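**Student:** Just to be clear, the model below is a prediction. Sequence and coordinates:
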Amino acid sequence: MANYIFEHKDKVRDYECDLQGIVNNANYQHYLEHCRHEFLLNNNISFAKLHEQGTDAVVARLTMQFKVPLKSGDEYVTKLWIKKESVKYVFMQDIFRLPDMKLCIRAQVESVCLVNGKLTESKELSQAFAPFLEK
């Protein structure tokens with residue numbers, strides 16, 4: 001069982017679905033990203049401010065395992081936890097359909113930081129994420 005540290009609830013909009021009536025696979029990336037951004041905002045981390053200071057956090061790798069599709073009008077919750085591997089922050093994210101909590105997506109998102117254009121660790125993010133990383 002994952003030790004989730006954050007969750008974000010949302011609802012599928014009909015324009016996010018394809019002709020099969022299910023969420024188009026690319027839209028799950030938006031759901032995952034929106035949850036990560038909400039996590040950052042919830043922890044007083046601003047992408048804009050980081051960028052102004054010369055730090056850009058970017059996705060280096062993303063893997064998704066599709067389990068059960070979401071459909072228009074479905075409510076869902078995206079949950080995440082984070083771990084650190086060298087200079088990478090790895091977000092482990094799961095999307096569950098509500099209210100039955102069926103697992104829809106399991107994803108691993110590896111993020112790295114470019115500080116003044118150089119791949120390196122971000123001191124600001126390391127400090128902000130420290131309380132959430134397992135010792």
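**Tutor:** Perfect, I can see it now.

**Student:** which outside residues touch the helix or strand hosting residue 91?
**Tutor:** According to DSSP states H and E, residue 91 maps onto strand 88-98. For strand 88-98, the surrounding residues in contact (Cβ atoms under 8 Å, 6 or more residues apart in numbering) are 2, 4, 9, 28, 31-32, 35-36, 57, 60, 68, 70, 74-84, 102-112, 125, 129. All C-beta atoms are positioned from the backbone trio N, CA, C, and that covers glycine.

**Student:** can you rerun that using 6 Å?
**Tutor:** Residues external to strand 88-98 that are found in contact with it (Cβ atoms under 6 Å, 6 or more residues apart in numbering): 32, 36, 74-83, 103-112.

**Student:** Stretch 76-84 now?
**Tutor:** Applying Cβ under 6 Å, 6+ apart, the external contacts of stretch 76-84 come out as 2-9, 31, 35, 70, 89-98, 132-133.

**Student:** Pull out the buried residues from the biggest helix by length in the chain.
**Tutor:** Using DSSP state H, we find that the single longest helix of the chain is helix 25-42. For helix 25-42, the neighbour count (16 or more other Cβ atoms under 10 Å) marks 27-28, 31-33, 35-36, 38-40 as buried.

**Student:** Grab the CA positions of that helix and hand them over as CSV.
**Tutor:** The C-alpha coordinates for helix 25-42 follow below in CSV (Å, rounded to 0.1, in the frame of the first residue of the first chain):
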residue,chain,number,x,y,z
ASN,A,25,-5.2,8.4,-23.1
ALA,A,26,-3.4,11.7,-23.4
ASN,A,27,-5.8,13.4,-21.0
TYR,A,28,-4.6,11.2,-18.1
GLN,A,29,-1.3,13.1,-18.4
HIS,A,30,-3.2,16.3,-17.8
TYR,A,31,-4.9,14.8,-14.7
LEU,A,32,-1.6,13.6,-13.3
GLU,A,33,0.1,17.0,-14.0
HIS,A,34,-2.8,19.0,-12.5
CYS,A,35,-2.5,16.9,-9.3
ARG,A,36,1.3,17.5,-9.1
HIS,A,37,0.7,21.3,-9.6
GLU,A,38,-2.0,21.3,-6.9
PHE,A,39,0.5,19.5,-4.6
LEU,A,40,3.1,22.2,-5.2
LEU,A,41,0.7,25.0,-4.7
ASN,A,42,-0.6,23.4,-1.5
